[in-house]
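Colleague: Below are the sequence and a predicted model; questions follow.
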Amino acid sequence: MQGKGLIKFVAIALTIGCLYSLSFTWMANKVENSAEKYAKGDPLKQKIYLDSMGTQPVFDFLPFTYNYVKEREIPLGLDLKGGMNVTMEISLTELVSNLANKPSDQAFTTALRNAETRQNNSSDHFIDLFGKEFEKLNPSGKLATYFATKENSAWIKPDASNKDVIKFLHKESESAIDRSFNVLRTRIDKFGVTSPNIQKQEGTNRILIELPGVSDQQRVRKLLSGSAKLEFWETFDNMEIFPLLENINKTIAAVQQPAKDTTKAAATTAPAQGGGKLATLGTKKDSAGKDTSKLAVNQAEQAKKNPLFAILAPATYQGQNGQASLRPGSVIGYSAQKDTAKVNSYLNSPTVKAMIPANARFFWAVKAVSEEADVFELHALKATGFDGTPALAGDVITDARDDVGQDGQLQVSMSMNVDGARRWKQVTALAAGDANNPNDNKSIAIVLDNYVYSAPTVQNEIPGGTSQITGNFTPEDTKDLANVLKAGRLPAPAKIVSEYVVGPSLGAESIQKGLISTLIGIAVILLFMAMYYNKAGWVANVALMVNLFFLMGVLASLGAVLTLPGIAGIVLSLGMSVDANVLIYERVREELTAGKSLRTAIAEGFSKAMSSILDSNITTFLTGVVLYVFGSGPIAGFATTLMIGILTSLFAAIFITRLIFEWMLKNDKPISFSIKATQNLFKDSKFDFIAGRRKFYLLSGIIIIAGLVSMFTKGFSLGVDFKGGRSYFVEFSKDVNTNDVRTVLAKEFGSAPEVKTIGLNANEVKITTSYRIDDATEAAESEVSQKLNNGLKQISPDYEIKDAQKVGPTIANDIKVSAIYSVIFTIIIIFVYILIRFRRWQFGVSAIVALLHDVLVLLSIFSLLDGLVPFSLDIDQAFIAAVLTVMGYSINDTVVVFDRVREYINERNTKNENLPTVINNALNSTLSRTVVTGICTMAVLLVIFIFGGDILRGFSFAMLIGVIFGTYSSLFVATPFVVEMIKNKVEVKPEPVKVQA
């Protein structure tokens with residue numbers, strides 16, 4: 001075996017890397033288990049404990065804090081943890097209108113309205129649709145007429161072409177999406193969700209947000225849907241506010257009961273000031289939550305005497321005389337993130353609010369003072385407008401851009417309109433103070449959504465409305481600040497077009513069922529391989545467990561989110577991973593039958609199986625790539641798991657098993673590849689697949705024709721993500737009648753919703769309605785929720801909405817288009833690959849015929865059986881994932897047979913056999929592999945179908961049917977069809993044999 005040393009090095013390096021990545025999950029769980037024991041069922045105490053451990057090392061001998069390991073653990077998807085998935089759509093209609101200064105021209109407004117309507121059924125970008133609609137309404141019209149404004153003069157001239165204007169609008173729309181993304185990301189960070197996920201959906205005006213563990217849906221909707229509010233505030237100086245803070249500190253200490261004790265976890269982690277620097281009063285704690293220093297008691301006493309300063313360190317610095325002095329500027333204190341809520345509660349208490357001047361406001365900085373310290377600045381702002389408003393609103397901004405000054409320093413350039421420039425001159429004159437006294441310069445705070453993004457000090461009065469903001473900026477800082485300033489002039493509201501809510505109880509059930517199905521699936525594979533291949537089967541089992549370890553380690557290192565379909569992908573990957581071992585073992589058995597020694601047979605088996613292994617896995621991997629590109633959420637998670645599983649299984653099957661065999665041979669360990677019952681199984685089989693092919697064509701034709709009739713008459717049960725609407729998974733405490741539920745909700749919604757039972761339980765129903773699906777307002781959401789609950793209470797007062805999903809029409813259309821594209825691209829990619837590898841178009845066409853056969857059979861069965869089986873057969877994203885995976889499995893099977901056909905064709909001149917005989921021999925020689933791999937995969941899918949829960953039942957059923965017919969098509973459709981394609985052609989010439997010196 002060549003390269004044995006390199007393989008060992010890679011295996012050891014991969015093992016160390018996986019152990020490192022998985023250790024974070026173990027460490028995070030260790031802390032959380034300790035918190036659970038400490039809290040004894042009290043959620044508040046558990047949260048306080050975890051907050052206190054946030055910046056503490058998990059182990060004394062490691063530098064990793066709980067926050068650090070938590071960020072690097074394997075994150076759980078919403079379907080396992082519960083929470084809310086939201087897709088936000090940025091309103092480009094309003095953006096375009098604002099860029100043109102909201103013209104009332106009929107052609108312009110009609111074009112906008114028509115583009116909005118067309119977007120519901122089109123995958124084209126809104127800006128392109130607007131351009132087409134405008135040219136349709138006004139063929140000779142010039143868009144520059146509307147967009148060549150004073151604010152846009154740097155980019156759009158009066159003579160600019162429509163193409164140039166569209167390009168400008170695309171750029172501005174991308175900028176608006178970036179702004180919305182940053183605003184939403186900041187809001188989510190401040191919301192306090194653990195491990196949130198927010199990502200732009202490239203090529204669209206949408207942003208996907210996942211919030212694990214949240215339960216207050218209304219609060220989330222309100223948080224995400226509000227428009228960004230940009231403001232400019234005058235500020236107080238730290239020296240003006242510090243006496244007030246001292247009085248507040250004394251007042252809080254006096255109000256609090258002297259005997260009142262605070263929780264140790266909170267008291268021992270409070271930051272305080274010392275020597276002009278931020279310090280920590282808290283003591284170090286071990287994992288059991290006990291104090292490790294006698295200073296804890298003294299610190300707790302200090303916290304009682306100075307309750308505010310114990311968690312808000314005054315902004316000070318060390319002067320030349322070594323004494324602590326108050327730092328000039330608007331920053332009045334520093335606080336750890338976990339303590340900011342407590343500071344807010346102190347400052348908002350009635351007693352303290354009465355002490356604070358009416359024009360004083362306290363806002364936190366949006367970012368921590370550094371990446372290392374989770375500490376935030378508190379700014380003191382001065383309300384100078386009417387009714388306590390800021391000095392200036394953000395809508396006066398005409399332009400903002402990141403720039404480089406003449407001195408080479410990074411800066412942000414900002415321009416204002418006439419009214420803004422006039423007011424800005426007054427505000428900056430007041431902030432600059434006496435021109436001869438630089439020590440009295442004050443700051444102007446730039447505030448977005450009540451968070452301070454920057455508070456630059458004003459050096460002098462700024463006339464003309466054009467300003468440069470400088471500071472210790474990075475390039476990213478200047479871009480972010482420029483985007484923040486633009487949010488004032490170009491508001492682009494974000495609306496919720498899709499949401500998916502999973503209750504915590506459903507998430508817990510999913511974890512349990514996913515774990516059970518995984519363990520049973522692994523046990524089934526291990527048992528089968530050991531029984532069928534004897535000692536070699538145990539070698540394959542070792543490789544299988546190594547594969548599972550590598551797979552989880554790589555997922556952890558990539559930060560891949562683990563979802564319920566992802567767990568199914570892991571189990572399926574394990575089922576399919578034995579295929580490489582099976583291909584090798586069957587080749588080894590052939591070589592042993594030919595009379596070769598064990599060492600030679602093993603070497604030849606690995607060598608001859610390599611081509612089939614690579615071809616079959618590459619085609620499946622390409623299917624996973626397509627699934628990842630066109631899928632989203634859990635489906636993308638499934639694709640990620642599938643692709644990584646293919647790579648790790650190849651490494652384990654090809655290299656790990658070879659190393660084990662080499663060790664066994666070196667140490668004269670007994671090696672056997674079968675037991676007595678399987679030794680001669682499928683050996684010398686002589687099934688004539690070609691002669692009976694037309695019978696199988698007929699059988700497939702009957703199923704497909706019956707299915708097509710059903711598709712055009714009965715149709716499909718489309719999932720909510722394909723047709724749009726609202727869907728709810730409701731569990732009642734007793735069995736309910738679906739007709740009763742439908743009748744009651746029809747009165748509430750005005751039209752009857754679709755109501756189905758889920759699985760075999762008559763107390764679980766799925767409700768789907770399109771009521772007010774086009775209305776994304778909070779009022780509409782509240783009304784739908786109220787009507788749904790009113791109806792459900794009439795059925796039974798004891799129920800739980802375990803899962804809720806909303807998909808708008810534009811999202812539903814995009815999902816359908818993506819599904820169609822994904823299937824088409826998969827077919828094209830597979831055809832091209834087979835054409836390149838086998839150099840015969842007949843093989844490519846036959847493979848595609850088999851794939852189309854598998855898809856049509858699967859669609860036919862879903863249409864025919866819908867409503868006849870006690871589980872959902874919805875056509876949704878999960879079904880498309882199943883179809884694509886089945887296509888990958890089917891082509892995997894087909895390619896293995898094709899590879900043997902190619903090998904036999906190259907040998908046929910010496911055997912003088914016709915093509916049907918060659919193909920029959922190839923099918924019979926690979927029959928053992930086809931059956932063994934099929935049994936392993938089907939057994940795993942059967943386990944998922946039975947134990948994976950109702951959510952995965954439709955998905956696993958589609959996979960199960962697909963694998964059965966995929967195996968069937970590789971034997972009775974794909975390869976026999978090669979005979980139909982070339983039987984009347986000139987004798988196929990074998991590929992030339994290459995001779996190497």
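Modeller: Okay, I see it.
Colleague: rest of the way, CA atoms for contacts and neighbours
Modeller: Will do.
Colleague: and residue 756, helix, strand or coil?
Modeller: strand (DSSP: H, G, I helix; E, B strand; the rest coil).
Colleague: wait, what's in contact with it?
Modeller: When contacts are counted by CA atoms under 8 Å, 6 or more residues apart in numbering, residue 756 touches 738, 765, 766, 767.
Colleague: Out of those residues, grab the one that's most surrounded.
Modeller: With neighbours taken as other CA atoms under 10 Å, the top of these is residue 765, carrying 24 neighbours.
Colleague: how big is the angle separating the helix or strand that contains it from strand 754-758?
Modeller: Taking DSSP states H and E as the criterion, residue 765 maps to strand 761-769. Angle, strand 761-769 to strand 754-758, by axes from the mean of the first three to the mean of the last three CA atoms, to 10 degrees: 150 degrees.
Colleague: what comes up buried for the next helix-or-strand element following strand 761-769?
Modeller: Sequence-wise, the next helix or strand downstream of strand 761-769 (DSSP H and E) is helix 778-795. Buried residues in helix 778-795, counted by 16 or more other CA atoms under 10 Å: 781, 784, 788, 789, 791, 792, 795.
Colleague: Please produce TSV containing those, extended by distance to residue 101 and pLDDT.
Modeller: Formatted as TSV, these follow (distance: CA to CA, whole Å; pLDDT from 0 to 100):
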residue	distance to residue 101	pLDDT
781	32	79
784	36	87
788	42	90
789	44	90
791	46	90
792	48	91
795	53	89
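Colleague: Need these in JSON lines (columns: distance to residue 861).
Modeller: Formatted as JSON lines, the buried residues of helix 778-795 follow (distance: CA to CA, whole Å):
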{"residue": "781", "distance to residue 861": "37"}
{"residue": "784", "distance to residue 861": "35"}
{"residue": "788", "distance to residue 861": "33"}
{"residue": "789", "distance to residue 861": "36"}
{"residue": "791", "distance to residue 861": "34"}
{"residue": "792", "distance to residue 861": "33"}
{"residue": "795", "distance to residue 861": "34"}
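Colleague: From the contact counts, what lies against the longest helix belonging to the chain?
Modeller: Criterion DSSP state H: the longest helix present in the chain is helix 504-558. Applying 3 or more CA pairs under 8 Å, 6 or more residues apart in numbering; DSSP states H and E, one finds that helix 504-558 contacts helix 4-39, helix 78-81, helix 564-593, helix 634-651, helix 657-666, strand 799-807, helix 927-947.
Colleague: so which of those is the most packed in?
Modeller: Each of the helices and strands packed on helix 504-558 was assessed for mean neighbour count using mean count of other CA atoms under 10 Å. The highest is helix 78-81, with a mean of 26.
Colleague: could I get that one in PDB with only the CA atoms?
Modeller: Output in PDB follows, covering the C-alpha atoms of helix 78-81 (Å, rounded to 0.1, in the frame of the first residue of the first chain):
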ATOM      1  CA  LEU A  78     -35.100  25.200  15.200                       C
ATOM      2  CA  ASP A  79     -36.800  21.800  14.600                       C
ATOM      3  CA  LEU A  80     -34.600  20.400  17.400                       C
ATOM      4  CA  LYS A  81     -34.400  23.300  19.800                       C
END
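Colleague: pLDDT of it, averaged?
Modeller: The average pLDDT within helix 78-81 is 73.
Colleague: So what's the gap between the helix or strand following it and the chain middle?
Modeller: Per DSSP H and E, helix 78-81 leads on to strand 83-90 as the next helix or strand towards the C-terminus. Centroid separation between strand 83-90 and its chain, computed with CA atoms, centre = their mean, to the nearest Å, is 12 Å.
Colleague: what do you get for stretch 869-878?
Modeller: Stretch 869-878 sits 23 Å away from the centroid of its parent chain (CA atoms, centre = their mean).
Colleague: Check stretch 186-206 too.
Modeller: On the basis of CA atoms, centre = their mean, stretch 186-206 is displaced by 10 Å from the centre of the chain it belongs to.
Colleague: now do stretch 791-811
Modeller: With CA atoms, centre = their mean as the basis, stretch 791-811 stands 24 Å off its chain's centre.
Colleague: what's that stretch in contact with?
Modeller: 119-122, 497-506, 720-721, 723-733, 736, 740-741, 744-745, 748, 773-774.
Colleague: Send me that stretch as CSV with only the CA atoms.
Modeller: Presented in CSV, the C-alpha positions along stretch 791-811 are these (Å, rounded to 0.1, in the frame of the first residue of the first chain):
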residue,chain,number,x,y,z
GLY,A,791,-61.9,28.3,16.9
LEU,A,792,-59.6,25.8,18.6
LYS,A,793,-61.0,26.6,22.0
GLN,A,794,-64.5,25.6,20.7
ILE,A,795,-63.1,22.1,19.9
SER,A,796,-61.2,21.7,23.2
PRO,A,797,-59.8,24.2,25.7
ASP,A,798,-56.7,22.1,26.2
TYR,A,799,-54.4,22.2,23.1
GLU,A,800,-50.9,23.3,22.0
ILE,A,801,-49.8,24.9,18.8
LYS,A,802,-46.5,23.0,18.4
ASP,A,803,-45.5,24.3,15.0
ALA,A,804,-46.6,27.3,12.9
GLN,A,805,-45.5,28.3,9.4
LYS,A,806,-46.3,31.2,7.1
VAL,A,807,-45.2,31.4,3.5
GLY,A,808,-46.1,34.5,1.3
PRO,A,809,-46.9,34.1,-2.4
THR,A,810,-43.5,35.4,-3.6
ILE,A,811,-41.6,32.9,-1.4
